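Novice: coordinates for the following, if possible.
(4 chains)
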There are 2 protein chains.
Amino acid sequence: MTTIKDVAREVGVHPSTVSRALDPARRGRIGEPVVRRILEAAERLGYRPDTVAASLRSGRSNMVGIIVPDIANPVFSPIIGGLEDVLSARGYALIVADPQPQRTGTDDIVQRLVARRVDGLVLANVALKDNSIERCLSWKVPVVLVNRAEAEARVPSVVSDDVAGMRLAVAHLLELGHRHILHLAGPQMLSTGSLRRRGFVEAMHEAGFAPADNDIEEAEAFTREAGRAAALRLLARQPEATAIVAANDLLALGIYEALRETGRRCPEDLSVIGHNDMPLVDLVDPPLSTIRISHREMGEQTGQLLLDLIEGVRGDARYVVTAPLLIVRRSTQPPRISR
Amino acid sequence: MTTIKDVAREVGVHPSTVSRALDPARRGRIGEPVVRRILEAAERLGYRPDTVAASLRSGRSNMVGIIVPDIANPVFSPIIGGLEDVLSARGYALIVADPQPQRTGTDDIVQRLVARRVDGLVLANVALKDNSIERCLSWKVPVVLVNRAEAEARVPSVVSDDVAGMRLAVAHLLELGHRHILHLAGPQMLSTGSLRRRGFVEAMHEAGFAPADNDIEEAEAFTREAGRAAALRLLARQPEATAIVAANDLLALGIYEALRETGRRCPEDLSVIGHNDMPLVDLVDPPLSTIRISHREMGEQTGQLLLDLIEGVRGDARYVVTAPLLIVRRSTQPPRISR
DNA sequence: ACATCTAGTGCAATCGATTGCGCAAGTCAA
DNA sequence: TTGACTTGCGCAATCGATTGCACTAGATGT
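Specialist: Take a look at the predicted model:
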């Protein structure tokens, strides 16, 4: 490994001069011909700066960490992808971490990442009240929330407009002629779960159909299995409803299973609409109507926000909400003519 | 930030003593009571070791990098998940990188990761002949290939038994009574593409049905769109075939689209079988018969292999191949009675 | 001609932990 | 009592780059 000293010796200057010449930002202070010779020598010797050493001295690691609840979740991978894109373009590396349920002792992931001197952190898994945020705050490490927000808005976040998304969904069903609409809600400790529920309730209210508590059922988690179980409960309670809006696509697919098991057909007997438009839901049977969220774009925005925070640019758009889009496929249709 | 010196001063010993006392491996050389006092002081002061400084001196970074072609690809996320699991359990962090098509100049990702002093590298994107492997080799950084292997086996790899998988697929169709079976192959520069093609050809041969070149069509990429296009070509050429085996699920879904466009039904007119068993293919219409590969497990194995390599344990299982499993759903059925 | 800048480099400290080597005190055998 | 070890810990160098400060020339101002 050739170091900065080797280059310095080769050119006959001091290491510090090499350091400056190599950094475009500070190159200005160095004479033009010297810079040229240094660049040439560095190239010739195959010099690669040691990021670790630089980090130690400068205090910046050029790394950011992201904490996701489940990497395999199709919602998070595009977020990671978008994030990685903008970060690597600016020379940052992304380290992804999965909060293992119970690892040895008190060293949780946030701490581990901070010990690695990450310059910033992205949290994709916060609950409405979440203490990892406080820890980041107390350590003064820049943080951006993505996908899910917290109850108090203490740190920047990038989320979809969940309430607006539910408005779109409800409006679509209303327009089709549905009147008795149910909601399969997600976990209420998550912003996505609670905001979407609120969106549903508000939209129904405004249309003059105040939903009863009985019209809403909460799933234990954002999974197919939890969706199936909750749908079974909900359908048993409200057999004459004509449509159901799910808090996310996985839940909607769970509803599909429940419908099959109880001998109902979608959309003939019951219209179903999801949320997220994750990959492949256009190919399920029937193709799922849903609300599209551009997760990749959210990842990119998150990267921007975080970089601004790290580099001290006071971009004032601290709370980015992206606009959802209604995607109509074949799981929704007008209700059958009721007597 | 409290450093090792602070702890040393607090306890009244030398920093090096603290360093040793804190490392379980070298703790033995230090007196028991001193260790206890150091541990206590470290805890009380909230000491967190600075990973960066440790890396600089020790040469180990406790980080490994993984290079994936596309994070959003549902095949890679479980691999990353499994990998991250075993790595973080051993104190390693995982940094994921996406090879941007053309970034500035010659500093490709491999170089960038090596500059970050990663202790090892996982390549999930190698082509059959790939020069990033040579670079890793020349830099002497431990490497493990996953999902796709290279032509010459110079470095350890973890892959599914693609040939065996295709045998399962072909055997299944044969057993159903199919005789004229087509293959929608993947890119032949990738091991998955070429091995699966070979598996198909071999299995057919052994059954006594030598496939003609005309029975095989190569898709440009492992995508739905490429699958659709290739399927269109293939079906135009071989209209009387009764079954088609795709080199992967995405390709199979492309076939679905092509079938719909040409007014054929699956499985009545044509049986289709995929490969990978990626999430949600059990919900498409019709539910896809396929070959299951346990990607998460592959990720875990990859992690083990890499750790062994890094830590010098000569685990001799250098080339892990996992066994594929046939999953029969509803996209395959016996062919219609031909005249 | 003299004081004042300014541009271009060199010097040396520093970041925080690791580690080879050395030294002192204690143990044990002869 | 002495010599050979062992145990426990301190010393100081080191990893590779960054950075505040000092210094030297030549340029500028008056």
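
Novice: now do the helices in the stretch 151-300 of chain A.
Specialist: For the stretch 151-300 of chain A, the helices defined by DSSP state H, counting those that start in this stretch occupy A:162-176, A:191-206, A:224-237, A:249-261, A:295-310.

Novice: torsion angles phi and psi at residue A:156?
Specialist: Residue A:156 adopts backbone torsions of phi -60, psi 150, taken as degrees, to the nearest 10.

Novice: so for the residue of the stretch 201-339 of chain A found nearest chain B, what's the nearest residue that isn't a sequence neighbour?
Specialist: Residue nearest to chain B within the stretch 201-339 of chain A (CB to the nearest CB): residue A:285, separated by 3.2 Å. (Glycine included, C-beta is placed from N, CA and C.) Setting aside the residues directly before and after it, residue A:285 is nearest to residue B:285 in space (CB to CB, 6 or more residues apart in numbering or on different chains), at 3.2 Å.

Novice: pLDDT weak spots in the stretch 201-339 of chain A?
Specialist: Confidence mapping of the stretch 201-339 of chain A against pLDDT under 70 gives the ranges A:314-317, A:338-339.

Novice: if you set the cut-off to 50 instead, what comes out?
Specialist: Counting by pLDDT under 50, the ranges of the stretch 201-339 of chain A that qualify are A:339.

Novice: neighbours of the residue of it found nearest DNA strand D, how many?
Specialist: Closest approach between the stretch 201-339 of chain A and DNA strand D, counting by CB to the nearest atom of the strand: residue A:311, at 13.2 Å. With neighbours defined by other CB atoms under 10 Å in any protein chain shown, the count for residue A:311 comes to 13.

Novice: same question, residue A:153
Specialist: Neighbour tally, residue A:153, other CB under 10 Å: 11.

Novice: and it, how far from DNA strand C?
Specialist: As for residue A:153, its distance to DNA strand C is 32 Å (criterion: CB to the nearest atom of the strand, to the nearest Å).

Novice: how about the nearest residue to that residue, chain neighbours excluded?
Specialist: Nearest residue to residue A:153 in three dimensions, chain neighbours excluded: residue A:319, at 6.4 Å (CB to CB, 6+ apart).

Novice: Throw the helices of the stretch 151-300 of chain A into a markdown table and include distance to residue A:73, thanks.
Specialist: Formatted as a markdown table, the helices of the stretch 151-300 of chain A follow (distance: least, CB to CB, whole Å):
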| stretch | distance to residue A:73 |
| --- | --- |
| helix A:162-176 | 17 |
| helix A:191-206 | 12 |
| helix A:224-237 | 12 |
| helix A:249-261 | 9 |
| helix A:295-310 | 10 |
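
Novice: would you mind naming what in the stretch 1-150 of chain A lies close to DNA strand D?
Specialist: Selection of the stretch 1-150 of chain A residues close to DNA strand D by CB under 7 Å from any atom of the strand yields A:1, A:3-5, A:15-16, A:19-20, A:22-23, A:47, A:49-50, A:53-54, A:56-58.

Novice: mind doing that once more with 6 Å?
Specialist: A:1, A:3-5, A:15-16, A:19-20, A:49-50, A:53-54, A:56-58 (CB under 6 Å from any atom of the strand).

Novice: may I ask which two of those are separated the most?
Specialist: The most widely separated members of these are A:1 and A:20, with 20.9 Å between them, by CB to CB.

Novice: show me which of the two is the more surrounded one.
Specialist: A count of neighbours by other CB under 10 Å puts residue A:20 above the other of residue A:1 and residue A:20, at 19 against 11.

Novice: now do the residue nearest to the spatial centre of chain A against DNA strand D, distance only.
Specialist: In chain A, the centroid-proximal residue (CA atoms, centre = their mean) is residue A:147; its distance is 3.7 Å. As for residue A:147, its distance to DNA strand D is 34 Å (criterion: CB to the nearest atom of the strand).

Novice: and the gap between that residue and residue A:297?
Specialist: Distance, residue A:147 to residue A:297, using CB to CB, to the nearest Å: 12 Å.

Novice: how far away from the center of its chain is stretch A:328-339?
Specialist: The chain centroid and the centroid of stretch A:328-339 are separated by 32 Å, computed with CA atoms, centre = their mean, to the nearest Å.

Novice: buried sites along that stretch?
Specialist: Neighbour counts over stretch A:328-339 (16 or more other CB atoms under 10 Å in any protein chain shown) mark A:329, A:331-333, A:335 as buried.

Novice: what about the residues you listed, which are in helices?
Specialist: Among the buried residues of stretch A:328-339, none falls in helices (DSSP state H).

Novice: filter those by proximity to DNA strand D?
Specialist: Among the buried residues of stretch A:328-339, none lies close to DNA strand D by the criterion of CB under 6 Å from any atom of the strand.

Novice: out of the residues you listed, which comes closest to residue B:240?
Specialist: Of all those, residue B:240 sits closest to residue A:329, with 33.1 Å by CB to CB.

Novice: surely that closest one touches residue A:283?
Specialist: No. Contact criterion CB atoms under 8 Å: residue A:329 and residue A:283 do not qualify, at 9.9 Å.

Novice: related to what we said a few turns ago, distance to residue A:130 added to the buried residues of stretch A:328-339, as JSON lines?
Specialist: Below are those laid out as JSON lines (distance: CB to CB, whole Å):
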{"residue": "A:329", "distance to residue A:130": "35"}
{"residue": "A:331", "distance to residue A:130": "34"}
{"residue": "A:332", "distance to residue A:130": "35"}
{"residue": "A:333", "distance to residue A:130": "40"}
{"residue": "A:335", "distance to residue A:130": "40"}
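
Novice: residue B:225: which of these is nearest?
Specialist: residue A:329 (18.5 Å).

Novice: list the contacts of the closest one.
Specialist: Residue A:329 makes contacts with A:282, A:286-290, as judged by CB atoms under 8 Å, 6 or more residues apart in numbering or on different chains.

Novice: okay, among the residues you listed, which ones form the most distant pair?
Specialist: Within the contacts of residue A:329, two members stand farthest from each other by CB to CB: A:286 and A:290, at 11.8 Å.

Novice: out of these two, which sits in the busier spot?
Specialist: Neighbours per residue (other CB under 10 Å) separate residue A:286 from residue A:290, with residue A:290 holding more: 30 against 18.

Novice: distance check, the more buried one against residue A:80.
Specialist: Distance from residue A:290 to residue A:80, by CB to CB: 21 Å.

Novice: same check on residue A:15?
Specialist: The gap separating residue A:15 from residue A:80 is 38 Å, by CB to CB.

Novice: between the two, who's got more neighbours?
Specialist: Neighbours were counted for residue A:15 and for residue A:80 using other CB under 10 Å; residue A:80 has more, 27 against 14.

Novice: please consider this matter closed, and thank you.
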